[in-house]
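Undergrad: what's the 3D shape of this:
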Amino acid sequence: MTSKTNYGGLDWLKFFVAFLVIANHTSPVGSFNPQLDFLISGVLTRIAVPIFFMSTGFFYFRKWTGDPLHDRKALYGYLKKIGKLYATVILIYIPLNVYTGYFTNEFTLYALLRDIIFDGTFYHLWYLPALILGVLVTSFLYKKMSLLSFLAAAVFLNIIGLLGDSYYGSIEGTGISQIYDVMFQLFDYTRNGLFYAPVYLALGALVARKQTFLKNPAINGILFMMSLDLMLLEGILLNYVGIPRHDSMYIFALPASYFLFQWAFSWKGKSNKRFREWRVWIYILHPIAIVLVRGVAKVVHLESFLIMNSLLHFVAVCLVSIAMAAAAAWIYGFPLKQWWQNSSSKEVA
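TA: Here you go, the predicted structure:
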């Protein structure tokens, strides 16, 4: 096992990639250089969520011992934790759902269930149901298979996802695409808990099992840079030929995120629980920050600075997101937690 100080680098990495998610949704240099912005917000940012999934896989599967009772307890405990967070976030976003017209005439119970299970009730919230479903899938595979078979199964699911995402044009118009047309009735994207999350959760489990991050940090850094270059080239070529249905899944995101994740263990720093909670809430709340920044800019007539200038818009959203995350981490971690505990105590009494 590693010492806790090794996790400080991982904390900083996850904090940094949380801002890559914001960059993906705000196009930081879009008003200056659209081509460069595509590489940043359209390709580079696609390593962010894999890092989150991989981190979950690492810490979650470190708790597995092979004892069915213990492992089942770890699974239920994690699902309960994420389920509470997901339920809270769904409620938080109801006002924005109303504002954006989510509850229109096209709203149905089936659409709501599909969003809750796969797509999320707001555009970025797909991550939480993907995490829940991905943990269920990988827990089952991890328990039933050898490590090699487990990884192979996760890669196979990822290939299915790739063909429904960035590589969809390669099968469009074929019999295979008809199968995807049926799947897209169940969910909007293959970037979900069935085809996207499992491979990164499995890579996190691999790192936890093999402890390979203890060896050659410089090599991890070099391999990350090489993989990132190939990922950027992959994104350019796919965009040039125009075959992506959605551009969130890349082949070289796998080695790029894997070697970056391992490299982060060699970075110096101390692990901090509050710091980790901020990162979570930055991801969750940044769309609200985007709305607030745009709204305030219009009220004070600073659209040319805070909206039209994409870099200033990005910086403003990041700052507001940090402030909101700090407040949310305190509310969710202390008063709300205390309320849950008091409610549970009254029920027992």
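
Undergrad: Once you drop chain neighbours, what's closest to Gly83?
TA: Ile132 (6.9 Å; CB to CB, 6 or more residues apart in numbering). Where you see a C-beta, it was placed from the backbone N, CA and C, and this is true even at glycine.

Undergrad: let me fix that: Trp281
TA: Ala325 (3.7 Å).

Undergrad: number of nearby residues for that neighbour?
TA: Ala325 has 22 neighbouring residues, counting by other CB atoms under 10 Å.

Undergrad: how about it, secondary structure?
TA: helix (DSSP: H, G, I helix; E, B strand; the rest coil).

Undergrad: Okay, and the residue nearest to Gly83 sits in which element?
TA: helix 127-144 (DSSP states H and E).

Undergrad: So for whatever helix or strand comes next after that helix, mean pLDDT?
TA: Using DSSP H and E, the helix or strand that directly follows helix 127-144 along the chain is helix 147-163. Mean per-residue pLDDT for helix 147-163: 97.

Undergrad: in whichever strand or helix holds Ala205, what counts as buried?
TA: Per DSSP H and E, Ala205 falls inside helix 197-210. For helix 197-210, burial by neighbour count (16 or more other CB atoms under 10 Å) applies to 197-208.

Undergrad: Keeping just the C-alphas, turn it into PDB.
TA: C-alpha atoms of helix 197-210 as PDB (Å, rounded to 0.1, in the frame of the first residue of the first chain):
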ATOM      1  CA  ALA A 197     -17.400   3.800 -17.100                       C
ATOM      2  CA  PRO A 198     -16.500   0.100 -16.700                       C
ATOM      3  CA  VAL A 199     -13.200   0.200 -18.500                       C
ATOM      4  CA  TYR A 200     -11.900   3.100 -16.400                       C
ATOM      5  CA  LEU A 201     -13.200   1.600 -13.200                       C
ATOM      6  CA  ALA A 202     -11.400  -1.600 -14.200                       C
ATOM      7  CA  LEU A 203      -8.200   0.300 -14.900                       C
ATOM      8  CA  GLY A 204      -8.500   1.800 -11.400                       C
ATOM      9  CA  ALA A 205      -8.900  -1.700 -10.000                       C
ATOM     10  CA  LEU A 206      -5.800  -2.900 -11.900                       C
ATOM     11  CA  VAL A 207      -3.700  -0.100 -10.400                       C
ATOM     12  CA  ALA A 208      -5.000  -1.000  -6.900                       C
ATOM     13  CA  ARG A 209      -4.300  -4.700  -7.500                       C
ATOM     14  CA  LYS A 210      -0.900  -4.400  -9.100                       C
END
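
Undergrad: Identify the residues contacting the helix or strand just after it?
TA: Using DSSP H and E, the next helix or strand after helix 197-210 towards the C-terminus is helix 217-241. With CB atoms under 8 Å, 6 or more residues apart in numbering as the test, helix 217-241 has contacts from 38-39, 42-44, 46-47, 166-167, 169, 213, 244, 247, 250-253, 255-256, 258-260, 262-263, 265-266.

Undergrad: are any of those residues buried, and which?
TA: 38-39, 42-44, 46-47, 166-167, 213, 244, 247, 250-253, 255-256, 258-260, 262-263, 265-266.

Undergrad: in what helix or strand does the most centrally placed residue in the chain lie?
TA: When CA atoms, centre = their mean is applied to the chain, the residue found nearest the centroid is Val49 (3.2 Å). Assigned by DSSP H and E, Val49 falls within helix 48-61.

Undergrad: Show me what that helix is packed against.
TA: If you count contacts as 3 or more CB pairs under 8 Å, 6 or more residues apart in numbering; DSSP states H and E, helix 48-61 packs onto helix 7-26, helix 127-144, helix 197-210, helix 253-264.

Undergrad: Quick one: name whatever helix or strand follows that helix.
TA: Immediately after helix 48-61, counting by DSSP H and E, sits helix 68-92.

Undergrad: Would you mind listing the buried residues in that next one?
TA: 71, 74-75, 78-79, 82, 85-86, 89-90.
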